[in-house]
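Peer 1: Sequence and predicted structure below; questions after.
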Amino acid sequence: MRRYEFRAIDRDGQTKDGSATAQDEEELLAKLREMNLTVIDLKEAVEKPQTPSASGEKSLSFDFGVSQKDITFFTRQLSITLSAGLPLARIFSTLYNQTSSKSLKKVISVMGNDLQQGLSLSGTMKKHPRIFDSMYLSMVAVGETSGTLPATIRKLADLMEKDAAVQRKIRSALAYPVFIIIFSAILSYALLALLMPGFEPVFNSTGMDLAQDYPLTNILMKLSGLLTNPVVVGVIIVLLVGILAGLKFALTTPRGRYLFDSLKFNFPFLCALVRTAAATRFCHSFATLTESGVSLLKALSLVGQSSGNEVMSRAVDRMAREIQEGTRLSEAMKRSGVFPDLVVQMVSIGEEAGSLPEMFDRTAEYFDSELESAVDSLTAMMEPAMMVFVGLIVGVFVMGILLPIMGIASRL
């Protein structure tokens, strides 16, 4: 029999130190799990394993430069190692070695040191608010309190991966039209600044009246003259930079974000995709939180804060106030005006059956397929529209150049 020292968290979130004997670590871990204890550290009494922080590395937290992809990967790794029953100190030593992000390595090192000092997992994560948001922290705290930390972290990893999938689908739908718009702008500038000036001497030498006979050509020539003027080009660049800077600043304010998100919610062709994505994200998040034991009002608050959409966030805040006044969740969702009718109906059924988490989970699965369909529909619609758009631009320049040339040829 070997003697081990351990540090664990009980169902009330209290840290407990103790020692016990067992044949090996796996046997002791199984006993501690039966006692509803989440092991933070486990070691033989005669040994003192080192962590990256204890090995001499500076305990400096550096929360910048950690991407959402890194956090999602970290959460999935944490879920897998927790499910294997490893103690948290060893888990963070393993995660430190497996992480490629230098910034995240430093954070993991600090967290591992905090765990050695007796802090809970949620306690050490609270020191890094730029990485772990309020919903992440709340779910970890609930998992620690209920003794279901491995299952809670697994649900959190699933949620983050589903959210990342939603974001990828939206980006893939918008990538093609954005590329075409940028390409069209560059093409138009190249034709106006490089091609049109070569035809100006030819048209002027013939003595034709472009303003009267060929107004389209005349407009293109005037635009060409503006875009070949360094002063005008400089002014345009300054204006564009100023507009972009103004938009970026506006999006840092609540009102600016609300106006931008409102535009997305009501923009033709795009609104269906945005609303479906928002509903999908809400259902996934709400289902995960309520299944983990978070209260309804707390779940609404967390979902609203992490929605990434000001329109949805304000709607959820109004829903929470109405529920506090005695309104049913389904009624509050209907009044908000941001949820599809199907979501409201499914929630109403879930309330009557007493199975809200399960109903939200099923609704989220349905809207996953709906989002896929919305992306495919938008892409199928945008491709011919973008081709027509580019064709019109090219057609304008062809007509602007060809018509005067045909006029010159008819005079010969």
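Peer 2: Cool, got the structure.
Peer 1: Could you use CA atoms for every contact and neighbour count after this?
Peer 2: Fine.
Peer 1: Check which helices and strands whichever strand or helix holds S122 is in contact with.
Peer 2: Applying DSSP states H and E as the criterion places S122 in helix 121-125. Using 3 or more C-alpha pairs under 8 Å, 6 or more residues apart in numbering; DSSP states H and E as the contact test, the elements touching helix 121-125 are helix 102-116, helix 134-146.
Peer 1: Dump the ones you listed into a markdown table; add mean pLDDT and mean neighbour count as well.
Peer 2: Below are the helices and strands packed on helix 121-125 laid out as a markdown table (pLDDT from 0 to 100; neighbours: other C-alpha atoms under 10 Å):
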| stretch | mean pLDDT | mean neighbour count |
| --- | --- | --- |
| helix 102-116 | 87 | 22 |
| helix 134-146 | 83 | 21 |
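Peer 1: I393: which of those is closest?
Peer 2: Of all the helices and strands packed on helix 121-125, helix 102-116 sits nearest to I393, with 46.7 Å by C-alpha to C-alpha.
Peer 1: From the contact counts, what lies against that closest one?
Peer 2: Against helix 102-116 (3+ C-alpha pairs under 8 Å, 6+ apart) you get strand 38-44, helix 88-98, helix 121-125.
Peer 1: Outline the domain layout of the chain.
Peer 2: Using automatic domain parsing, the domain parsing of the chain gives 48-132, 159-412.
Peer 1: Identify whichever of these lies nearest to V140.
Peer 2: domain 48-132 (5.8 Å).
Peer 1: what distance separates the closest one from the centre of its chain?
Peer 2: 22 Å (C-alpha atoms, centre = their mean, to the nearest Å).
Peer 1: from what I can see A211 touches K222, true?
Peer 2: No - here A211 does not reach K222: they are 10.3 Å apart, not a contact under C-alpha atoms under 8 Å.
Peer 1: between those two, what contacts are shared?
Peer 2: Overlap of the contact sets of A211 and K222 (by C-alpha atoms under 8 Å, 6 or more residues apart in numbering) is empty.
Peer 1: which stretches of the stretch 301-412 of the chain have low pLDDT?
Peer 2: Scanning the stretch 301-412 of the chain for pLDDT under 70 picks out 412.
Peer 1: how many neighbours does I237 have?
Peer 2: Here the number of neighbours of I237 (other C-alpha atoms under 10 Å) works out to 12.
Peer 1: So it belongs to a helix, correct?
Peer 2: Yes - under DSSP: H, G, I helix; E, B strand; the rest coil, I237 falls within a helix.
Peer 1: So for it, what's the pLDDT?
Peer 2: For I237, the pLDDT comes out at 92.
Peer 1: try V202
Peer 2: V202 is assigned 81 on the pLDDT scale.
Peer 1: ditto for the one 10 residues further on
Peer 2: The score at Q212 is 81. That number is its pLDDT.
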